[in-house]
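S.K.: requesting a structural model of the entry that follows:
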Amino acid sequence: MSSPWAAAVFAAAAVLSLGASAVLVVRLERLCARLGLSEALLGLVAALAADTPEVTSAVTALARGQRDIGTGVILGSNVFNLAALIGLGAVVAGGITLHRRVVIFEGTVALWIAALAIAAVTGLITPAAALALALAVLAPYVYVSAVHPSGRSALPLPRRLRSWLAGAVAEEEQELADAIHTGKGGPRDAAVAVLALAVVVAASAAMEGTASTLGTRWAVPGVITGAIVLAAVTSLPNAVAAVFLARRGRAAATLSEAFNSNTLNVLAGLLIPAVIIASPGLGGALRTAVWYGVLTTATIALALAGRGINRRSGTLIIAAYLVFAITVIVKALPPGA
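M.R.: Purely as a prediction, here's the structure:
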């Protein structure tokens, strides 16, 4: 395949993948609304659907033994999400006011998953151990999110903790309410969702394949192809949605969406494939993983200190991403390139 043809296939696959993932998100939200799921759980489902392009690209790369690209897509997407969803959302909206309990509730899970990603990539723990530890925290988080508001007062927890969690989830749902399409779906939505999922998977696999081909042909290191190029392209649906919400004054939902997306990325695109297919290698992924952890920590700290993310904080998050991208590129390129 010639370079111009491969580039054309990459562009077409990217458009198909991103367009189909947007359709998939909306249809799954409608189907979940039909099932009566809570808005917090709906947010998780929407994040998972939006993550399909990067997860598919990462799994495809890992299955082909391209570990730098596979780990780079997931971890690079997570760094990009923080900048594009939270940072850019705050800049566009002029600031994002956030509930303190939501930041702590979401941030605790986000930090735990980021730490496990770093530990798995560095080899401090095995991917299987990282997956088990991730599920140990994620399972209760999903359970609490799934409980209907009327049942949260009966959670088998100490009274103060039960009250705090119920308040945190209620505040999260308040932020998500305007960001989720809650019309109830039907059989047609299910059929469209299946078709959209098939298109996303096929197009994302083609996108990863052509990007890898072009990267090899043009001597681009795998970490740049994965952590910068594919990571940004596959995360565009989330970025566009964040800007859209911010322009409508509904940017508060972007923190939950960003953290949920990053958590599910690590679980579905890194840890599970690493257990089934292959362990993630170090390479340039270590630097990307550390940046992911540092920027997650910084975002939470800024949100807690300022009761949200103001325009200045958002600009700092975006600037940090640009530094990350430049650092990855400079370190990956051979001397004299």
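S.K.: give me the low-pLDDT residue ranges for the chain?
M.R.: In the predicted model of the chain, residues 1, 36-40, 175-183, 244-245, 248-252, 278-284, 335-337 satisfy pLDDT under 70.
S.K.: how about the strands of it, start to end?
M.R.: In the chain, the strands defined using DSSP state E lie at 96-97, 308-309.
S.K.: redo those strands as CSV? Include mean neighbour count and distance to Ala232.
M.R.: In this view, the C-beta of every residue, glycine as well, is placed from N, C-alpha and C. What follows is the strands of the chain, written out as CSV (neighbours: other CB atoms under 10 Å; distance: least, CB to CB, whole Å):
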stretch, mean neighbour count, distance to Ala232
strand 96-97, 21, 22
strand 308-309, 26, 21
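S.K.: can you lay out the ones you listed as CSV showing distance to Ala83?
M.R.: Output for the strands of the chain, formatted as CSV (distance: least, CB to CB, whole Å):
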stretch, distance to Ala83
strand 96-97, 14
strand 308-309, 11
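S.K.: what about the closest residue to Glu208 other than its chain neighbours, how many neighbours?
M.R.: Once flanking residues are discounted, Glu208 sits nearest to Ser57: 4.1 Å by CB to CB, 6 or more residues apart in numbering. Neighbour count for Ser57, taken as other CB atoms under 10 Å: 34.
S.K.: quick thing: my sequence starts at 616, can you match it?
M.R.: With 616 as the first residue, the last one maps to Ser672.
S.K.: quick check: Ser672 touching Ala821?
M.R.: No: at 9.7 Å, Ser672 does not count as touching Ala821 under the criterion of CB atoms under 8 Å.
S.K.: ok, so what distance separates the residue nearest to Glu823 from Ala730?
M.R.: Per CB to CB, to the nearest Å, Ser672 is found 24 Å from Ala730.
S.K.: chain neighbours aside, what residue packs nearest to Ile892?
M.R.: The spatially closest residue to Ile892, leaving aside those adjacent along the chain, is Leu677, at 5.0 Å (CB to CB, 6+ apart).
S.K.: okay, now that neighbour: neighbour count?
M.R.: Around Leu677 there are 25 residues (other CB under 10 Å).
S.K.: state the distance from it to Ile891.
M.R.: According to CB to CB, Leu677 stands 9 Å off from Ile891.
S.K.: and what of Ile728?
M.R.: Taking CB to CB as the measure, Ile728 and Ile891 are separated by 19 Å.
S.K.: okay, those two: which has more neighbours?
M.R.: Neighbours were tallied for Ile728 and for Ile891 using other CB under 10 Å; the higher tally belongs to Ile728 (28 against 11).
S.K.: does the more buried one touch Leu879 like I think?
M.R.: No: the pair Ile728 and Leu879 fails to qualify as a contact (CB under 8 Å) at a distance of 9.1 Å.
S.K.: residues touching the closest residue to Gly929 other than its chain neighbours, list them.
M.R.: By the measure of CB to CB, 6+ apart, the closest residue to Gly929 outside its immediate chain neighbours is Ala705, 3.0 Å from it. Going by CB atoms under 8 Å, 6 or more residues apart in numbering, Ala705 touches Ile711, Ala861, Ala866, Gly923, Ile924, Asn925, Arg926, Ser928, Gly929, Ile932.
S.K.: 7 Å - rerun?
M.R.: By CB atoms under 7 Å, 6 or more residues apart in numbering, the contact set of Ala705 is Ile711, Ala866, Ile924, Asn925, Arg926, Ser928, Gly929.
S.K.: ok, so of these, who is nearest Ser827?
M.R.: For the contacts of Ala705, the minimum distance to Ser827 (CB to CB) is 33.1 Å, reached by Gly929.
S.K.: does the closest one really touch Ala708, like I thought?
M.R.: No: taking CB atoms under 7 Å as the contact criterion, Gly929 and Ala708 are not neighbours in contact, 8.5 Å apart.
S.K.: so among the contacts of Ala705, which ones count as buried?
M.R.: With neighbours counted using 16 or more other CB atoms under 10 Å, the contacts of Ala705 contain these buried positions: Ile711, Ala866, Ile924, Asn925, Ser928, Gly929.
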